[in-house]
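Peer 1: no sequence on hand, only this structure:
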């Protein structure tokens, strides 16, 4: 790798102050620090430092998303074929290769647009502030495609990404400074700006609407139980369409990366084993969702309220939100106790919105955004408890 | 003996090059240096001129704003030069040592008849006072304050630290006398904290006149800050004094012999040292005799002190006032390709407290770590990692943020009075976003000193 090092450092002077390409120093720095850990040394304080850095941390999150991504591509391909052939009973595991390729043609452009637009905005700010690209968007850029409906127009992905990076992050000061999750900001933007494209019965299945094929997601169908015209007559009928197993493995329509609870759990395993995501948040988020689902069961009254609590954990974006969204360390609670409260209420609110508010078939996005905003308040009380312990000690002595 | 204190949080950084248990005597170096920079926040007032002859124990400078605190030379000779830096700040006073060391005629002390105030006066006049540091602030103790207790740690848990039980052999009596003297300075206890792994044959177990505590845990269990927090925590308005174990022996020797005799045994350690071992030398000595020809790689960093809190020095530099070890590590000023040794590599030679590197799979392996930061500085992103190495009931991230934002109320509430920068050394080590945390805490403490003390 000596030759690469040589090329990079031969050209360094051009990008430095006074050089011809001075303006593009952030670009150079980004590439150079990507290829080589820079030769920065400690000056004072601790002379040695832990090997871990933000690049490796973020790369681990991306790695954890790969199972969701791969399954999402296949799943998208499957439902695209269903829409095309109009045959809902199409065998899920037949014709794998072409399905995967079909999925790829849908998903890949979304990923390219998300990264392209996001990185462009980031670079403009990096150049303005004269620093290299910060790593945060590497993760957001992958999260955004995974929470988009498969047939979302590409321009919408671009607009949403630009909005999220600008308003969600850069105006607060960049990576580490944002108040709410970037990827969810993009999703929320689309949800409120283009509601007809994000919900309703025309989305989720890529391709044309064909007679006899219901286009909505499991959640949409479930939400209809709360209205006068339910899609299914009873829970049993729903169950024959979307069984618990199918929901768990993710063989149902939905946003690209969110459908498979199994893939999310593989991601969770990677994140928890490496210590990147907080087990406290993931576990309490699931617990909160289950408890709320169980309370609704007790309340009962219609098939949706009677839906067993464990179903809630495997449908929609619940698992994906719990593993990849709620655990974002910048926007989550920062204290150990706070994480428990934050996760639990995130799960509770997600199911609460999902079931009781017919306008929003999926509550996870809003629940996490809500808890992002609440996290500083939770932390405030945890910190205050710590302060009070110290004051109490003062009084007793 | 009180109950065992167990600290579960912490981290032992396993470095290569621990000192062999052999003590070599180092002849008196041709120069010694007394550096005001070793004492944080000190503005010195010079009391000698260049070319002036000095005896062992003669005052070289005092604290300009508290002139009872005096600093004395450990060796006799001639003041060679007063080295100044930017804005004529005094960096160090170099003293050329004479072949025959001369000291004033020894005084005799009877500790049993001396009162606390007498001892304080003797210690101030004889230059022993700077050995006593105070919490809060971690600066030289203000003699006007009354400490509620005194803390001495009988072990050092930092990376490659010397084993006091070994390095202080033969100083048992000095240590006891030092304890006796210190005990008169406080109405409270003199607390001596011993590691749970210290053998029962250790002389620390037989020290009298102290309240002994046992502590078990990883670094920073050996830091006085950790021990104070678990034994006798500091509230606003309290003062606790701390003294290094070796310095207690120097204080004891003064009261026994009647003159300033500041020899101590330090550890020379680190992966770049050819023969890591212990050296007996005079404090403030030049290090070159110890280091020349003893370093593997030319591009190495000499650290007076340990790898987490020490000061960067040159080869011909001098031992820091409070330091008991010298660490030599490779410099890390080279690029590392990202897939081999860099940020995305397998990382078998890298040490990390996180499980993103395979360090946790090899719990006994020792590492050759360099001074590379292993990444660039970022805003805080990762949470929960600092707490793992911070055995205090204090929220490290929030306290650091309060210090960075100069929030005095926040710092007071969150426990700034209990901590010193060294307590945050491990937080700084593990920080993914490479923030210089010790520096931030020191700035916070400076602000507190200015506004609240």
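Peer 2: Perfect, thanks for sending it. As the structure is a computational prediction, the values presented were derived from the model and not from experiment.

Peer 1: check chain B for its longest helix and report it.
Peer 2: Among all segments of chain B classified by DSSP state H, the helix with the greatest residue count is helix B:437-452.

Peer 1: what residues sit buried inside that helix?
Peer 2: Burial within helix B:437-452, assessed by neighbour count using 16 or more other Cβ atoms under 10 Å in any protein chain shown, is assigned to B:437-442, B:444-445, B:447-448. All C-beta spots, glycine's among them, are computed from the backbone N, C-alpha and C.

Peer 1: what's next to it, contact-wise?
Peer 2: The set of residues external to helix B:437-452 that reach it, using Cβ atoms under 8 Å, 6 or more residues apart in numbering or on different chains, is A:44-46, B:40-41, B:136-139, B:309, B:399-400, B:402-404, B:406, B:408, B:411-412, B:416-417, B:419-422, B:424-425, B:427-428, B:431.

Peer 1: tell me the mean pLDDT over it?
Peer 2: The predicted model gives helix B:437-452 an average pLDDT of 95.

Peer 1: chain center to that helix: distance?
Peer 2: 18 Å (Cα atoms, centre = their mean, to the nearest Å).

Peer 1: and the residue of chain A found nearest chain B, what pLDDT?
Peer 2: Among residues of chain A, the one nearest chain B by Cβ to the nearest Cβ turns out to be residue A:53. It sits 2.6 Å away. According to the per-residue confidence, residue A:53 scores 92 in pLDDT.

Peer 1: residues touching the closest residue in space to it that isn't next to it in sequence, list them.
Peer 2: Distances taken as Cβ to Cβ, 6 or more residues apart in numbering or on different chains put residue B:375 closest to residue A:53, at 2.6 Å, once the chain neighbours are dropped. Applying Cβ under 8 Å, 6+ apart to residue B:375 gives the contacts A:37, A:49, A:52-56, B:343, B:432, B:434.

Peer 1: which element, helix or strand, includes the closest residue to residue B:49 other than its chain neighbours?
Peer 2: When the adjacent residues along the chain are set aside, residue B:49 lies closest to residue B:79, with 6.8 Å between them (Cβ to Cβ, 6+ apart). In this assignment (DSSP states H and E), residue B:79 forms part of strand B:77-84.

Peer 1: list of residues touching that strand?
Peer 2: B:31-32, B:46, B:48-54, B:60, B:90-98.

Peer 1: list buried residues within these.
Peer 2: Buried residues within these, defined by neighbour count using 16+ other Cβ under 10 Å: B:31-32, B:48, B:54, B:60, B:90, B:92-98.

Peer 1: what parts of the stretch 51-200 of chain A come near chain B?
Peer 2: Proximity of the stretch 51-200 of chain A to chain B (Cβ under 8 Å from any Cβ of the partner chain) is limited to residues A:51-57, A:59-60, A:132, A:134-136, A:173-177.

Peer 1: how far is stretch A:142-152 from where the chain is centred?
Peer 2: Distance of stretch A:142-152 from its chain centroid, counting by Cα atoms, centre = their mean, is 9 Å.

Peer 1: what is the mean pLDDT for it?
Peer 2: The predicted model gives stretch A:142-152 an average pLDDT of 90.

Peer 1: report the contact partners of residue 75.
Peer 2: Let's take chain A. So residue A:75 contacts A:103, A:250-251, A:253-254, A:256, A:259-260 (Cβ under 8 Å, 6+ apart).

Peer 1: that answer is for a different chain, and I need it for chain B
Peer 2: By Cβ under 8 Å, 6+ apart, residue B:75 lies in contact with B:28, B:32, B:56, B:95, B:97, B:101, B:282, B:284.

Peer 1: quick one: residue B:94 is in a strand?
Peer 2: Yes - per DSSP: H, G, I helix; E, B strand; the rest coil, residue B:94 lies within a strand segment.

Peer 1: which per-residue confidence value corresponds to the residue nearest to it when sequence neighbours are not counted?
Peer 2: Once flanking residues are discounted, residue B:94 sits nearest to residue B:80: 4.2 Å by Cβ to Cβ, 6+ apart. What the model reports for residue B:80 is a pLDDT of 95.

Peer 1: try residue A:309
Peer 2: Note for residue A:309: predicted pLDDT of 91.

Peer 1: do the same with residue A:397
Peer 2: 64.

Peer 1: re earlier: relative to residue A:83, how far out is the residue of chain A closest to chain B?
Peer 2: Residue A:53 sits 44 Å away from residue A:83, taking Cβ to Cβ, to the nearest Å as the criterion.

Peer 1: tell me how far the residue in the stretch 1-150 of chain B that chain A sits nearest to lies from residue B:351.
Peer 2: In the stretch 1-150 of chain B, no residue comes nearer to chain A than residue B:13, which is 7.0 Å away by Cβ to the nearest Cβ. Using Cβ to Cβ, one gets 7 Å for the distance from residue B:13 to residue B:351.

Peer 1: check residue B:165 too.
Peer 2: Computed with Cβ to Cβ, the distance linking residue B:165 and residue B:351 is 27 Å.

Peer 1: neighbour count winner among these two?
Peer 2: When neighbours are counted by other Cβ atoms under 10 Å in any protein chain shown, residue B:165 and residue B:351 differ, and residue B:351 comes out ahead with 24 against 19.

Peer 1: just the local confidence number for the residue of chain B most remote from its centre, please.
Peer 2: For chain B, the C-alpha farthest from the mean C-alpha position belongs to residue B:339; by Cα atoms, centre = their mean, that distance is 37.9 Å. With respect to pLDDT, residue B:339 has a value of 88.

Peer 1: returning to that earlier point: and residue A:53 and residue A:83? Which one has more around it.
Peer 2: For residue A:53 against residue A:83, the residue with the higher neighbour count under other Cβ under 10 Å is residue A:53, and the figures read 27 against 22.

Peer 1: ok, back up a step: for the strand holding residue B:79, buried residues please.
Peer 2: Neighbour counts over strand B:77-84 (16+ other Cβ under 10 Å) mark B:77-80, B:82 as buried.

Peer 1: so what strands line up beside it?
Peer 2: According to DSSP bridges, strand B:77-84 forms sheet pairs with strand B:53-54 (antiparallel), strand B:90-97 (antiparallel).

Peer 1: from the middle of its chain, how far away would it be?
Peer 2: 25 Å.

Peer 1: next secondary structure element downstream of the worst-scoring helix or strand of chain A on mean pLDDT?
Peer 2: Counting by mean pLDDT, DSSP states H and E, the weakest-scoring helix or strand in chain A turns out to be helix A:195-198, with a mean of 72. Going down the chain from helix A:195-198, the next helix or strand is helix A:218-223, by DSSP H and E.
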